[in-house]
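Student: structure, please.
(one chain, ligands or ions: 2)
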Amino acid sequence: MAPKSDSDSSLSSLSATPDPSSGTSPDTLAQVTKATVKTQTKTNSKGKKRKAETVTTTTKRTKKAVVEAEEAPNHEEVAETPKKGQKRAVKKAKVTDDVVEETAQVEAEEDYGETKVVVKKTKRKSKAEKEAELAPLEERTVGSKLLVGAHVSIAGGVHNSITNLIHIGANAFAVFLKNQRKWDNPALDPEHATLFIDGCKKHDVEPGICCLPHGSYLVNLAHPAEDRKKQAYDSFLDDLTRSHKLGIKLYNFHPGNSNATTREDGIRLIAENINKAHKDPATGEVIPVLETMASLGNTIGGTFEDLAEIIKLVEDKNRIGVCIDTCHIFAAGYDLRTPEAFAETMKKFDEVIGLKYLKALHINDSKAPFASHRDLHARIGTGYLGLRPFHNLVNDKRLHGLPMVLETPIDVKGEDGKKIEDKGIWAREIKLLERLVGMYVEGDEFKKLEKELFEAGADERERIGGQVERKKAKAAGEKGGKKGGKGKKKAESKDADEDDE
Ligand SMILES: [Zn+2]
Ligand SMILES: [Zn+2]
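Tutor: Ligands and ions are numbered 1, 2, ... in the order given. Next up is the predicted model:
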């Protein structure tokens, strides 16, 4: 649940900007970009320093709601009010979930007579620019048995996920159906829903088969307190309802944690919530899919046994599934690296859970070593898994036809040193995974690919590997010294690097 770090956020930046227009405008073609003017003055206890913040915004109407939210973070202009004793610039990028704001911020510190103004502007892109941006980076492979894709953005409305899917040549996709870090969200815009369904038809995308939405990070179905339980259930139910309205059949979520209860009760509560949701006709036939988790401790889902126990308590066994996240299970101690290890893990899955419950996969390499219980996604072939496990995976016919969703990090440094997303990474990874089907592992092609990717990830593997080692050494030292105390809490806390997916 920790906020994602800069280096490992594969999804947050693009998906934390959901649907800026749903529920705000009766007309999907008329989008309002709001603007506010706000001035704030703060005085500290000594009355010396003063901070003044001015937020300026204008109201504009545009024909399409689509691009604003994604554009916003990229255009920053800094205007400084020349004043004596200026010391530092203040940059604040503020993109709300519902609106895109143009922000002008003034910070004055009277001690030094400092004043800085930072103006953030949203530049409108021309139609040609937008089209060039969304032209497919790779063509979709028609008739592929392997359904590979990525977790794409719904900024501007859920229907935009289809454009984003075509853009990267994907045959499967994940989305957040609403803001994954907020409780309050506008309802699903029926026009967006229609556009989504039409878009699927137009591009021959079968949302019932290849779409796997991801649940909110806030929801913990294992919470025992009545108010928290209701809040979590309502959000869960709302997501299942949205899925049903969009023709989506699978819905992936993190099972929960037993921070406020026992593991046994947590598992019982999760199953109870699922049973309750099944009985609500608004959820149609949607199948809740439990994601395998990387951590142990109070996190539920770090072992196959956890998931099997939930499933055991679910009444309608036709409406429950599991999603294997390759990074998570590897970090949790299930090996996939050699064909033998892969076969052994799949056998374990079948024995403990049952392969019939396997409904989808999250395809990620891991920046953290085997059994480190760290959730750190890496690009395919660059992490501690390497390329071989993905060869094992895509050549397992039992997995063909299941949605395989990349949650790999795509942040790169732009020319100006700022972070930007390179969706070409996903486009290339999709094609890479498709290419691995039937590829001879002892041949030059595979060896070359494997080596190149492995070398590309060397620095990150070393960095995270070092972190894990130091942590282990520290934990061993603490164990040797004082016992108990904060131990459990510490094991549960996440590092800044940690992923959420
Ligand atoms: Zn996840
Ligand atoms: Zn995942």
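
Student: CA only for contacts and neighbour counts going forward, please
Tutor: Will do.

Student: what sits closest to the residue of the stretch 401-501 of the chain found nearest ligand 2 if chain neighbours are left out?
Tutor: Using C-alpha to the ion, the single residue of the stretch 401-501 of the chain nearest to ligand 2 is Glu501, 4.2 Å away. Excluding its sequence neighbours, the residue lying closest to Glu501 (C-alpha to C-alpha, 6 or more residues apart in numbering) is Glu407, at 7.1 Å.

Student: that neighbour reaches Ile363, doesn't it?
Tutor: Yes: at 6.6 Å, Glu407 counts as touching Ile363 under the criterion of C-alpha atoms under 8 Å.

Student: so what sits opposite the residue in the stretch 151-300 of the chain positioned nearest to ligand 2 in the bridge?
Tutor: Closest to ligand 2 within the stretch 151-300 of the chain is Glu291: 6.9 Å, counting by C-alpha to the ion. Beta bridges link Glu291 to Cys323, judged by DSSP bridges.

Student: run a quick neighbour tally on it.
Tutor: For Glu291, the neighbour count with other C-alpha atoms under 10 Å is 28.

Student: what does the pLDDT read for it?
Tutor: The model reports Glu291 with a pLDDT of 98.

Student: how about the helices in the stretch 101-250 of the chain?
Tutor: 127-134, 160-167, 190-202, 207-210, 226-245 (DSSP state H, counting those that start in this stretch).

Student: make JSON lines from those and add mean pLDDT to it.
Tutor: Formatted as JSON lines, the helices of the stretch 101-250 of the chain follow (pLDDT from 0 to 100):
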{"stretch": "helix 127-134", "mean pLDDT": "73"}
{"stretch": "helix 160-167", "mean pLDDT": "97"}
{"stretch": "helix 190-202", "mean pLDDT": "98"}
{"stretch": "helix 207-210", "mean pLDDT": "98"}
{"stretch": "helix 226-245", "mean pLDDT": "98"}
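
Student: which residue comes closest to Ala193 once chain neighbours are left out?
Tutor: Leu246 (6.0 Å).

Student: give me every residue that touches Leu290.
Tutor: Residues in contact with Leu290 (C-alpha atoms under 8 Å, 6 or more residues apart in numbering) are 252-255, 301, 307, 320-323.

Student: can you list those residues in a markdown table and add distance to Met439?
Tutor: Formatted as a markdown table, the contacts of Leu290 follow (distance: C-alpha to C-alpha, whole Å):
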| residue | distance to Met439 |
| --- | --- |
| Asn252 | 30 |
| Phe253 | 33 |
| His254 | 34 |
| Pro255 | 36 |
| Gly301 | 33 |
| Leu307 | 33 |
| Ile320 | 34 |
| Gly321 | 30 |
| Val322 | 28 |
| Cys323 | 25 |
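
Student: farthest pair in the residues you listed?
Tutor: Gly301 and Ile320 (14.2 Å; C-alpha to C-alpha).

Student: domain-wise, how is the protein divided?
Tutor: Split into domains by automatic domain parsing, the chain comes to 29-127, 142-451.

Student: and those domains, which one averages the lowest pLDDT?
Tutor: Of all the domains of the chain, the minimum mean pLDDT falls on domain 29-127 (a mean of 38).

Student: does Leu134 touch Ser161 like I think?
Tutor: No: using C-alpha under 8 Å, Leu134 makes no contact with Ser161, being 11.5 Å away.

Student: with neighbour numbers in mind, choose between those two.
Tutor: Between Leu134 and Ser161, counted using other C-alpha under 10 Å, the more crowded position is Ser161 (23 against 15).

Student: stretch 144-162 spans what distance, first to last residue?
Tutor: The first and final residues of stretch 144-162 sit 18 Å from each other (C-alpha to C-alpha, to the nearest Å).

Student: tell me which parts of the chain are close to ligand 2?
Tutor: 325, 501 (C-alpha under 5 Å from the ion).

Student: most tightly packed of the helices of the stretch 101-250 of the chain?
Tutor: helix 160-167 (a mean of 22; mean count of other C-alpha atoms under 10 Å).

Student: name the helices or strands packed onto it?
Tutor: The criterion is 3 or more C-alpha pairs under 8 Å, 6 or more residues apart in numbering; DSSP states H and E, and the helices and strands that helix 160-167 contacts are helix 127-134, helix 190-202.

Student: what lies in contact with the lengthiest helix in the chain?
Tutor: Across the chain, the helix with the greatest residue count (assigned by DSSP state H) is helix 458-480. Residues outside helix 458-480 that contact it (C-alpha under 8 Å, 6+ apart): 367-369, 372, 382-384.

Student: that one: how far from the chain's middle?
Tutor: 26 Å (C-alpha atoms, centre = their mean, to the nearest Å).

Student: for stretch 432-447, buried residues please.
Tutor: 433-434, 436-437, 446 (16 or more other C-alpha atoms under 10 Å).

Student: using CSV, please lay out the residues you listed together with secondary structure and distance to Ser235.
Tutor: Listed next are those as CSV, based on DSSP: H, G, I helix; E, B strand; the rest coil; distance: C-alpha to C-alpha, whole Å:
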residue, secondary structure, distance to Ser235
Leu433, helix, 34
Glu434, helix, 35
Leu436, coil, 39
Val437, coil, 39
Phe446, helix, 44
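
Student: mind picking the two most distant members of those residues?
Tutor: Glu434 and Phe446 (12.9 Å).

Student: picking that back up, deepest of the domains of the chain, which one?
Tutor: Across the domains of the chain, the average number of neighbours (mean count of other C-alpha under 10 Å) peaks for domain 142-451, which reaches a mean of 21.

Student: quote the end-to-end distance of it.
Tutor: Where domain 142-451 begins and where it ends lie 29 Å apart, using C-alpha to C-alpha.

Student: nearest to ligand 2: which residue in the stretch 201-350 of the chain?
Tutor: Closest point on the stretch 201-350 of the chain to ligand 2, by C-alpha to the ion, is Asp325, at 4.9 Å.

Student: quick check: which element contains the closest residue to that residue other than its chain neighbours?
Tutor: Spatial nearest neighbour of Asp325, chain neighbours left out: His362 (4.3 Å); criterion: C-alpha to C-alpha, 6+ apart. Here His362 is covered by strand 358-363, with elements defined by DSSP states H and E.

Student: name the strands paired with the helix or strand just after that strand and say parallel or antiparallel.
Tutor: Sequence order places strand 365-366 as the next helix or strand after strand 358-363, per DSSP H and E. Note on strand 365-366: by DSSP bridges, its sheet partners are strand 377-378 (antiparallel).

Student: outside of the strand it pairs with, which residues touch it?
Tutor: Residues contacting strand 377-378 (C-alpha under 8 Å, 6+ apart): 8, 10, 327, 364-367, 407-409, 499.

Student: what's the answer for stretch 352-365, then?
Tutor: Counting by C-alpha under 8 Å, 6+ apart, 212, 250, 289, 304-305, 307-308, 320-327, 349, 377-386, 402-408 sit against stretch 352-365.

Student: can you report phi and psi for Val405?
Tutor: Main-chain dihedrals, Val405, degrees, to the nearest 10: phi -110, psi 120.

Student: next up, the contacts around it.
Tutor: Taking C-alpha under 8 Å, 6+ apart, we find Val405 in contact with 148-151, 172-174, 361-363.

Student: with distance to Gln231 added, can I get those in TSV?
Tutor: Shown next, in TSV, are these (distance: C-alpha to C-alpha, whole Å):
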residue	distance to Gln231
Val148	33
Gly149	31
Ala150	29
His151	25
Ala172	30
Phe173	27
Ala174	23
Leu361	28
His362	27
Ile363	30
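
Student: could you export the strand holding His362 as CSV, CA atoms only?
Tutor: Extracted in CSV, the C-alpha atoms of strand 358-363 (Å, rounded to 0.1, in the frame of the first residue of the first chain):
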residue,chain,number,x,y,z
LEU,A,358,-6.1,-20.4,-13.0
LYS,A,359,-7.8,-17.6,-15.0
ALA,A,360,-5.0,-15.1,-15.8
LEU,A,361,-1.4,-14.2,-15.3
HIS,A,362,0.6,-11.0,-14.6
ILE,A,363,3.8,-11.3,-16.5
